[in-house]
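Student: fold the following.
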Amino acid sequence: MRKWGSVITVFYVLVVLGLLTPGAVFLATGHLTSGNLLDTYKAWAPWIPIGIILASQALLLFLSVDTSWKRLKPRAHILVSCLVTAMLLSILTGAVVLCTGFSVFGDKFVNGFLDSAVNVFGCWGTVWAAWTILFYMYCRNSTALITRAAAWLLKGSVLELLVAVPAHVIVRRRHDCSAPVATSFGISAGIAIMLLSFGPSVLLLYKKRLEEYSDRRTASK
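Tutor: Numbering: from 1, shown residues only. Presented below is the predicted three-dimensional model:
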């Protein structure tokens, strides 16, 4: 199981870095060259959401694997899973706010409140905490925690894309300057988290099939 978890994680890393990141650069700038793509990889800011998404994918996968092989305390799994899921949901929520704000107010949306990093991270942390509490309250008595987390992330990413894609079309037609950067982030983050939600689901389905084969062999003896 760990082997398949590693394979899925490596494949996901390649998709995010090799497809989604260049796609986000193209959506933001209108063109894709080796120069602006290399500048994106060299900058530190894009690696924050990239790192969060990649680490979350690995955590959700290996939490589901460890549950089947190690008798760890459920509280640890619930807490970590809730924090990881809430972090991804807070990214989706932030992307919705950015895409909506830029589609309505244009480049003026960055002035004022969003100029302060303290305000941005403060709001993001508040949303993260709110999603953590909500997901914990909903799933604290559930034995299928990872499955529910994947379902929440899939639904959330679909809803987020329904906002991000039209917002990107709007800001592109207005020829806004900085707004396409935010909307391209929304689109790439939505697709990334949508793909992320399939990883744990696939691994759990694989685990279930192995258990069925094991039960059949036991019954035939």
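Student: count of neighbours near residue 111?
Tutor: Using other CB atoms under 10 Å, residue 111 has 9 neighbouring residues. No exception for glycine: its C-beta is placed from N, CA and C like everyone else's.
Student: again, but for residue 61
Tutor: Residue 61, neighbours per other CB under 10 Å, totals 26.
Student: pretty sure it sits against residue 199.
Tutor: Yes. Contact criterion CB atoms under 8 Å: residue 61 and residue 199 qualify, at 5.5 Å.
Student: overlap in contacts, the two.
Tutor: Both residue 61 and residue 199 are in contact with 8-9, where contact means CB atoms under 8 Å, 6 or more residues apart in numbering.
Student: check what pLDDT residue 216 gets.
Tutor: If you check residue 216, the pLDDT there is 55.
Student: what sits closest to residue 46 if chain neighbours are left out?
Tutor: Nearest non-adjacent residue to residue 46, counting by CB to CB, 6 or more residues apart in numbering: residue 40, 5.6 Å away.
Student: that neighbour against residue 21, yeah?
Tutor: Yes. The pair residue 40 / residue 21 is scored as a contact, 6.6 Å apart, by CB under 8 Å.
Student: now the residue nearest in space to the middle of the chain: closest residue in space that isn't a chain neighbour?
Tutor: Centroid-nearest residue in the chain, with CA atoms, centre = their mean: residue 193, separated by 3.3 Å. When the adjacent residues along the chain are set aside, residue 193 lies closest to residue 157, with 4.5 Å between them (CB to CB, 6+ apart).
Student: the one you found: which element?
Tutor: In this structure, residue 157 sits in helix 145-174 according to DSSP states H and E.
Student: pull out the buried residues from that helix.
Tutor: In terms of neighbour count (16 or more other CB atoms under 10 Å), helix 145-174 has its buried residues at 145-150, 152-154, 156-157, 160-161, 163-164, 167-168, 170-171.
Student: which parts of this structure are helices?
Tutor: 2-15, 21-29, 34-42, 47-69, 74-105, 117-139, 145-174, 179-220 (DSSP state H).
Student: that older thread, distance of the residue nearest to residue 193 from residue 54?
Tutor: 16 Å (CB to CB, to the nearest Å).
Student: ditto for residue 179
Tutor: Distance from residue 179 to residue 54, by CB to CB: 26 Å.
Student: what about those two, which has more around it?
Tutor: residue 179 (27 against 18).
Student: report the mean confidence score over stretch 144-153.
Tutor: For stretch 144-153, the per-residue pLDDT averages 84.
Student: ok, residue 170 - contacts?
Tutor: Residue 170 sits in contact with residue 103, where contact means CB under 8 Å, 6+ apart.
Student: number the chain from 53, please
Tutor: Got it, first residue is 53 now, which makes that one residue 222.
Student: coming back round to it: tell me who's in contact with the residue nearest to residue 245.
Tutor: Counted by CB under 8 Å, 6+ apart, residue 209 has contacts 144, 242-243, 245-246, 249.
Student: picking up where we left off before, can you redo the helices of the chain as TSV with distance to residue 163?
Tutor: Below are the helices of the chain laid out as TSV (distance: least, CB to CB, whole Å):
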stretch	distance to residue 163
helix 54-67	35
helix 73-81	19
helix 86-94	24
helix 99-121	22
helix 126-157	9
helix 169-191	12
helix 197-226	16
helix 231-272	12
